[in-house]
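Trainee: Build me a model from this:
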Amino acid sequence: MLDWYSIDLELGGRTVLRQVDFRLRSGERVGILGPSGAGKSSLLRLAAGILKAQRGNQQSSFRHAVLAFQEPRLLPWCRVAENLEIPLRAAGRDPATARCVAAEWLERVGLSEYARSWPNQLSGGMAQRVALARALAVEPDLLLLDEPFSALDPALRKTLIDICRDWLEQSAAALLCVSHHPGELVGLVERFVLLNAGGLQTFDAADRAPEVLAEALHQTLMTLETSLP
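Mentor: Residues are numbered from 1 along each chain as shown. Okay, here's the model as predicted:
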């Protein structure tokens, strides 16, 4: 469980999160929405332990959090398969098992034929698929995704969302996922958190039909974006 009470986060002299109360239970899936600059990525980094709050009570019982950044951040000096094998080895897998798991995940994201390629030979969408496979392969109990589907075409986006959903259901891991497009997360998450002016507002995804919820969230985001100075 992740439990925050009265959290204040400041970066560069600016308050990013103010008096935030938030709880994420084991196995729960939450989408994070908000206008640009609202602090969505900072919230993920706080959950990952990369950032520390200046004030408030922050507790977590998650033992293995993995953050997939908006940029793929693949190791350029390693081949595609090695980008998956290295974190698997770091997590304690032996070399043979790491190779097998890496190959399995590259197949699941449709990139088996690029296992020996270098990252600079991949398109942006392909690199993002590798980054997502790398995050899932190490089996975290808390998965943190920062716009993981942004560089993908609609058909591939749906495929990877389905892969994420299946993996989450099998693993019982918790999810925090940032997106600018609420519609792509409807069906993947159980509730949405709207981040604005340092505070949080929650929308339960079970309350309304998916298309109604997606449209309501989209309109709310548009209103917030247009109201920014």
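Trainee: mind checking which helix or strand the residue positioned nearest the centre of the chain is in?
Mentor: Centroid check for the chain by C-alpha atoms, centre = their mean gives Leu145 as the closest residue, at 0.9 Å. Element membership of Leu145 [criterion: DSSP states H and E] is strand 142-146.
Trainee: All the strands of the chain, residue numbers only.
Mentor: With strands called from DSSP state E, the chain shows them at 2-11, 14-24, 29-33, 55-60, 65-68, 142-146, 174-178, 191-196, 199-204.
Trainee: Could you pull up the mean pLDDT of the second one?
Mentor: Strand 14-24 carries an average pLDDT of 89.
Trainee: Just the CA trace of it, in CSV.
Mentor: What follows is strand 14-24, C-alpha atoms only, in CSV (Å, rounded to 0.1, in the frame of the first residue of the first chain):
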residue,chain,number,x,y,z
ARG,A,14,7.7,26.0,-6.7
THR,A,15,5.0,24.0,-4.9
VAL,A,16,4.1,21.1,-7.1
LEU,A,17,1.9,19.2,-4.7
ARG,A,18,0.1,20.8,-1.8
GLN,A,19,-1.6,19.1,1.1
VAL,A,20,-2.2,15.9,-0.9
ASP,A,21,-3.9,12.9,0.7
PHE,A,22,-3.7,9.8,-1.4
ARG,A,23,-3.9,6.0,-1.0
LEU,A,24,-3.1,3.3,-3.4
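Trainee: want to try TSV for the strands of the chain, with distance to Leu44 as columns?
Mentor: C-betas here are computed from N, CA, C, even on glycine. Shown next, in TSV, are the strands of the chain (distance: least, C-beta to C-beta, whole Å):
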stretch	distance to Leu44
strand 2-11	11
strand 14-24	12
strand 29-33	7
strand 55-60	13
strand 65-68	6
strand 142-146	5
strand 174-178	6
strand 191-196	11
strand 199-204	14
